[in-house]
Structure formats: C-alpha cells, structure tokens
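Chemist: just need the structure, nothing else, for what follows:
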Amino acid sequence: MQADIAQATAEQREHRRRLPSMRGRDRGLGHRDAALMAKRLRALRHEMMEEVLQGADVICATCVGAGSEQLADLSFPLVVLDEGSQCAEPQALIPLTKGCVHAVLVGDHFQLPPTILSPDAAALSLSLFERLMRLQVPAALLQVQYRMHPALASFPSAHFYGGRVRDGVTALQRPAPPGLRWPSPLQPIMFLNVHGQESSGEGNSKANSTEAALVVRVVTALLAAGMAAVDIGVVTPYTAQVQLITRMLQRMPPNPSVLQGGGRGVTSDARGVEVKSVDGFQGREMEAVVFSCVRANAQGQVGFLDDWRRLNVAITRARRGLIIVGNTATLMTDPHWAALITNLQERGLVTDTRAVGLNA
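Modeler: Presented below is the predicted three-dimensional model:
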C-alpha cells in the first residue's frame with residue numbers, strides 16, 4: 001500500500017510539473033487528469049488509514065477526534081480518558097458513546113476545570129470527572145508523587161489533598177537549582193515579597209512591571225549559573241504579564257553558549273525560556289519555575305487568583321525549585337494564599353531581593 005501511494009504521489013508530482021506547458025484541449029484534459037489523480041491518491045491514503053486502524057490494538061485521539069469521519073466505523077469497548085477533569089462533559093461523551101463498555105477517567109479535580117469562555121455555557125465548567133466524584137463513584141487516588149522535591153510537595157499535599165500524597169523522590173534526587181541564595185538550602189522554595197503595583201492591560205488583563213523585572217533577574221541568575229533555558233519555566237495568571245515578561249526576555253542580548261545537558265545541546269539564551277499562563281502550564285513540569293502573581297493593590301483584590309485550583313496548579317509545576325514573586329499584603333486577603341504564605345513564613349522562606357542577592 002505504501003508503495004502504491006509513493007508511486008501515485010510521484011505520478012501526480014510529475015503531472016503537475018508538465019501541466020503548465022500544456023495548451024488548448026490537452027490542458028483541459030490535463031486538469032481533468034490532475035483531479036482524478038488527486039482523488040485516487042486520497043482514496044489510497046484513506047484505504048491505508050483504515051487498514052492501519054483496523055489492525056491497531058490501541059488508538060490515541062483527542063475526544064473530538066474520536067468522533068471524526070476516519071474513526072466513524074470503529075467502536076471503543078475500553079476508553080481511557082486522560083486529563084478527564086479538564087475536559088468539558090460534551091467532549092468526554094464523544095468517545096464514551098462509541099461502544100464503550102469499560103471507561104477509565106484519569107484526572108485531578110483539584111486542578112483547573114475545563115476552560116469555558118461563554119457566560120451562557122458556564123455550567124459546562126463542571127467536568128464529567130468532577131460530576132462522578134461528587135456522586136461518590138468509587139475512585140482511586142495515586143498517592144505517590146514523583147515530580148517534586150519533598151519541600152515543594154509538602155504544602156500542596158497537606159492543604160489540598162489532606163496529607164494523602166506521599167513523596168516517591170528524595171531531596172538528593174532533586175538538587176536545588178544553582179544561582180540563587182535560597183533562604184533554606186534544603187528547601188528550594190522562596191517567596192520574594194515585592195512592593196510593586198499592578199496595572200491594567202488589554203481586555204482587563206493585569207500586569208506588574210516591578211514583578212516582571214524581578215522575574216527577568218531571577219531567570220538571568222539561573223542561566224548564569226548553568227541552567228538551560230529549556231529547564232526554566234515562567235508562569236503567571238495574566239496574559240498581559242505573559243506578554244510583558246516575554247518582551248523583556250526577548251530584549252535580553254543573545255547568549256551564543258550551548259550547554260551539554262543529558263546528551264542534548266541546549267541553549268542558555270534567556271529568549272528560550274518558556275513563559276505561559278497558569279492555565280497553559282497545566283499538565284507541564286520544569287526543573288525550575290518562577291511564578292509571578294501580579295496582583296498588588298490597596299484594596300486587596302486578587303481577581304481570579306481566588307480560585308484555589310489555579311494556586312494548586314501554579315505551585316506544583318516545578319521539580320527542583322520554585323520562586324514565587326508577589327505582594328504578600330494583597331495575596332493574604334485570600335484564605336488559600338494566606339495559608340501558603342503563612343506556611344512559608346513559618347519555614348523561613350518568605351524573603352526579599354536583598355536577602356537572596358537579587359538587587360537591581
């Protein structure tokens with residue numbers, strides 16, 4: 001089948017090459033033949049795809065893709081739905097209505113729900129996963145985490161999961177990222193208290209230039225100490241702050257040095273550092289994460305930072321080190337943020353730029 005497709009493709013390419021030189025009736029017939037050749041090629045590819053799918057034991061698809069024309073004639077007696085808690089219920093139903101007998105939903109309803117932009121569809125923010133959890137359908141908790149340094153995992157486990165999540169890695173397996181003067185060398189987490197001021201961007205998004213400048217200094221320190229850009233992630237709740245930090249990093253002078261990490265060539269250029277919203281970082285991980293909280297105002301308004309699930313996602317992306325940049329006075333008006341900051345204060349992990357050697 002692959003040989004037939006290769007031959008048909010070569011014939012089509014050759015015909016297209018000759019088509020411009022044809023004239024009169026030959027040109028009209030040439031266009032007709034081109035259309036027939038394209039149709040035959042599509043049929044061959046469709047036949048090959050059907051052959052592959054019919055012989056496959058496992059088919060991977062998005063929820064919407066499971067309802068595509070290519071899979072129309074297939075049924076799925078066993079469905080494993082990953083990221084089930086972030087999937088809108090109508091989407092989840094697509095694979096489940098294709099002959100499903102057994103279903104396994106994998107997710108975490110203590111993290112962000114489906115993204116629903118229309119106020120008229122707000123009810124769809126309740127995923128099928130969370131609906132089943134509320135109905136007390138039997139569920140199993142994966143109780144061992146293998147991502148984070150134990151010092152990073154201790155607060156989320158205690159505050160969000162009732163202390164049921166244990167560590168499958170040791171502190172020695174997650175050494176603190178170099179380049180920063182950590183308040184506690186055995187606990188690679190710090191909250192940098194910043195007295196900046198938020199500003200409004202497009203579409204009521206928020207930015208904080210003071211925090212953005214500090215984030216760039218943190219990233220610069222990590223890179224200068226030998227971390228690769230691909231191992232550093234900057235996370236922030238607001239699109240305007242994502243754009244501001246991205247612009248500032250893009251303005252950094254290019255660094256031509258290449259670090260050899262794990263057998264792969266990786267750049268230490270600041271422009272290679274990934275900057276995303278909290279929502280965009282769900283399901284991801286980085287060796288070091290810098291989290292810019294943005295909100296800083298006299299009214300103590302935290303906006304959608306009051307969603308504890310967003311906080312949970314933000315502080316559980318890092319493997320080896322987490323740096324939170326924010327304004328404690330504003331954030332502590334929210335009970336979940338107050339719990340985090342109080343926990344870090346008790347552990348001596350709330351500090352300022354001077355104490356960790358990050359003065360401008």
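Chemist: residue contacts, the residue nearest the centre of the chain?
Modeler: When the chain is reduced to its mean C-alpha position, the closest residue under C-alpha atoms, centre = their mean turns out to be Phe281, at 2.6 Å. Residues counted as contacts of Phe281 (C-beta atoms under 8 Å, 6 or more residues apart in numbering) are 233, 235, 313-314, 317. In short, each C-beta sits where N, CA and C put it, glycine included.
Chemist: identify the farthest-apart pair in the residues you listed.
Modeler: By the measure C-beta to C-beta, the contacts of Phe281 have their two most distant members at Gly233 and Val313, which lie 12.2 Å apart.
Chemist: ok but Ile324 is inside a strand, no?
Modeler: Yes: Ile324: assigned to a strand according to DSSP: H, G, I helix; E, B strand; the rest coil.
Chemist: from Leu214, how far out is it?
Modeler: 11 Å (C-beta to C-beta, to the nearest Å).
Chemist: name the residues contacting each of those two.
Modeler: Contact criterion C-beta under 8 Å, 6+ apart; residues bridging Ile324 and Leu214 by contacting each: Leu192.
Chemist: more neighbours: which of those two?
Modeler: More crowded of Ile324 and Leu214, by other C-beta atoms under 10 Å: Ile324, with 24 against 21.
Chemist: list the contacts for the more buried one?
Modeler: 189-192, 291, 293, 315.
Chemist: break this protein into its domains for me.
Modeler: For the chain, the domain assignment from automatic domain parsing gives the residue ranges 2-55, 65-140, 150-351.
Chemist: how distant is the longest one from the center of its chain?
Modeler: Meaning domain 150-351. Relative to its parent chain, domain 150-351 has a centroid offset of 14 Å by C-alpha atoms, centre = their mean, to the nearest Å.
Chemist: ok, now the first one?
Modeler: Here domain 2-55 shows a centroid-to-chain-centroid distance of 40 Å under the convention C-alpha atoms, centre = their mean.
Chemist: can you check the second one too?
Modeler: Relative to its chain's centre, domain 65-140 lies at 19 Å (C-alpha atoms, centre = their mean).
Chemist: could you double-check that Ala103 lies in contact with Leu96?
Modeler: Yes: using C-beta atoms under 8 Å, Ala103 and Leu96 qualify as a contacting pair, with a distance of 5.9 Å.
Chemist: next, show the common contact partners of the two.
Modeler: 79, 81.
Chemist: strands of the stretch 251-360 of the chain, residue ranges please.
Modeler: Counting by DSSP state E, counting those that start in this stretch, the stretch 251-360 of the chain has strands at residues 258-261, 264-267, 274-277, 286-292, 318-326, 350-351.
Chemist: go through these and name the closest to Gln243.
Modeler: Closest approach to Gln243 among those (C-beta to C-beta): strand 274-277, 8.6 Å.
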